[in-house]
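**Q** Turn this into a structure:
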Amino acid sequence: MARKIFSLFLAAAIIGILFTGCAKISPTTVTGFGTLKVVVYGLDRQPLNGAKVVSDSQPDGQLKVTGLTDQNGTVLFQNIKAGQYDFYLDRFDYNQMQTSVFVNPNQTTEIPVYMAATNPGSTTPVTTTGN
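**A** Presented below is the predicted three-dimensional model:
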């Protein structure tokens, strides 16, 4: 009897999948909002005031986020959509750079970023990846 019930259940599940298909769920689909704290340092580990932090890409429906670091090298983005962000960072006397970060829902995600001082003759940006 149990074998017959299992066989019927299995057949029903297979038929259901064939007729409805499998729902595609994107692994990058995240709901909710979080906070991102970016702390920018020079290579000497001193905080950089006045560095511009701008999102180059952000989750669907999220406007571009931008800010300037304070005297502690910090910029805080509150109530932003959770998900993957790509940022570029710029300061007049430092090489522009890029970084990526995933903002977790209902949490504060903090990333440190280290920028190299401008080197005459060098135009290669530094790239890092944050978690």
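
**Q** What is the host helix or strand of V40 packed up against?
**A** V40 is part of strand 33-42 when elements are defined by DSSP states H and E. If contacts are counted by 3 or more C-beta pairs under 8 Å, 6 or more residues apart in numbering; DSSP states H and E, strand 33-42 sits against strand 74-81, strand 83-91, strand 94-103, strand 108-115. Every C-beta, even on glycine, is put in place using the N, C-alpha and C of the backbone.

**Q** what do you get if the cut-off is 7 Å, keeping everything else the same?
**A** Here strand 33-42 touches strand 74-81, strand 94-103, strand 108-115, going by 3 or more C-beta pairs under 7 Å, 6 or more residues apart in numbering; DSSP states H and E.

**Q** Let's have those strands in a markdown table, adding mean pLDDT and mean neighbour count.
**A** As requested, the helices and strands packed on strand 33-42 are exported to a markdown table (pLDDT from 0 to 100; neighbours: other C-beta atoms under 10 Å):
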| stretch | mean pLDDT | mean neighbour count |
| --- | --- | --- |
| strand 74-81 | 98 | 16 |
| strand 94-103 | 97 | 19 |
| strand 108-115 | 97 | 18 |
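
**Q** Which one, of those, ends up nearest to Y41?
**A** Of all those, the one in closest proximity to Y41, counting by C-beta to C-beta, is strand 108-115 (5.1 Å).

**Q** How about residues contacting the closest one?
**A** 34-43, 48, 51, 89, 91, 94-95, 97, 99, 101, 103, 128, 130 (C-beta atoms under 7 Å, 6 or more residues apart in numbering).
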